[in-house]
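1. what's the 3D shape of this:
(one chain, ligands or ions: 1)
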Amino acid sequence: MRVLYIHAERFTWDVKDPASDIRDEPISGKANNALVIFATVERGDIPDEGFLRQIARDIIDVANKVKASSIVIYPYAHLSSELARPYVAREVLNKLYEVVKSEFHGEVYKAPFGYYKAFEIKCFGHPLSELSRSFKPEGAKVE
Ligand SMILES: Nc1ncnc2c1ncn2[C@@H]1O[C@H](CO)[C@@H](NC(=O)[C@@H](N)CO)[C@H]1O
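-> All right, here's what the predicted structure looks like:
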């Protein structure tokens, strides 16, 4: 899984057209002081508890470091050329959302899977406000 973390003063997303047969309810939303997780599920990623806990731990660690009051899991199919199939990707992201929500003290949101979306973001711009990660199921985390 490839992720881009942006610590945003403000983040809003607006659902547009469907982009996949596999999709969630089309719910738009917004969050303030949010760690936004642009997440691309890659071929070989699995909805395995251990794999997802490893990712969730890193997300929550960074959210606490930057003192974010919310986290947004944002399905984003543009950070890798090795995309997982939509069915698997949706399951991995929904499970990641559940793990993060069960372990983070603040609000956790998930933008809907399977749509084109408009978004507005105001990045804080401090040294930890833009980070990227690559996670592999065998547990190796590549910075
Ligand atoms: N491997 C994958 N990882 C993460 N998200 C994925 C995915 N495969 C499909 N999606 C979702 O379906 C929309 C169309 O590709 C995707 N939509 C988007 O990526 C929007 N930000 C608009 O581009 C996304 O919701």
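
2. pull the distance from stretch 69-89 to the chain's centre.
-> With Cα atoms, centre = their mean, to the nearest Å as the basis, stretch 69-89 stands 6 Å off its chain's centre.

3. close to the ligand, is that stretch?
-> Yes. Using Cβ under 6 Å from any ligand atom as the criterion, contacts between stretch 69-89 and the ligand involve 75, 76, 77, 78, 83, 84, 86, 89. C-beta: built from backbone N, CA, C; applies to glycine.

4. where's residue 124 relative to the ligand, distance?
-> 21 Å (Cβ to the nearest ligand atom, to the nearest Å).

5. hang on, isn't that residue packed against residue 11?
-> No. Using Cβ atoms under 8 Å, residue 124 is not in contact with residue 11; the gap is 11.1 Å.

6. so the two - more neighbours on which side?
-> The residue with more neighbours, out of residue 124 and residue 11, is residue 11; 25 against 16, by other Cβ atoms under 10 Å.

7. partner residues bridging the more buried one?
-> Listed beta-bridge partners, residue 11: residue 31, residue 121 (assigned using DSSP bridges).

8. would you agree it is in contact with residue 120?
-> Yes. Under the criterion of Cβ under 8 Å, residue 11 makes contact with residue 120 at 7.2 Å.

9. name the residues of this structure found near the ligand, please.
-> Contacts of the chain with the ligand, taken as Cβ under 6 Å from any ligand atom, map to 19-20, 40-41, 75-78, 83-84, 86, 89, 113-117.

10. measure residue 11 to residue 121 for me?
-> Distance from residue 11 to residue 121, counting by Cβ to Cβ, to the nearest Å: 5 Å.

11. alright, calling it a day.
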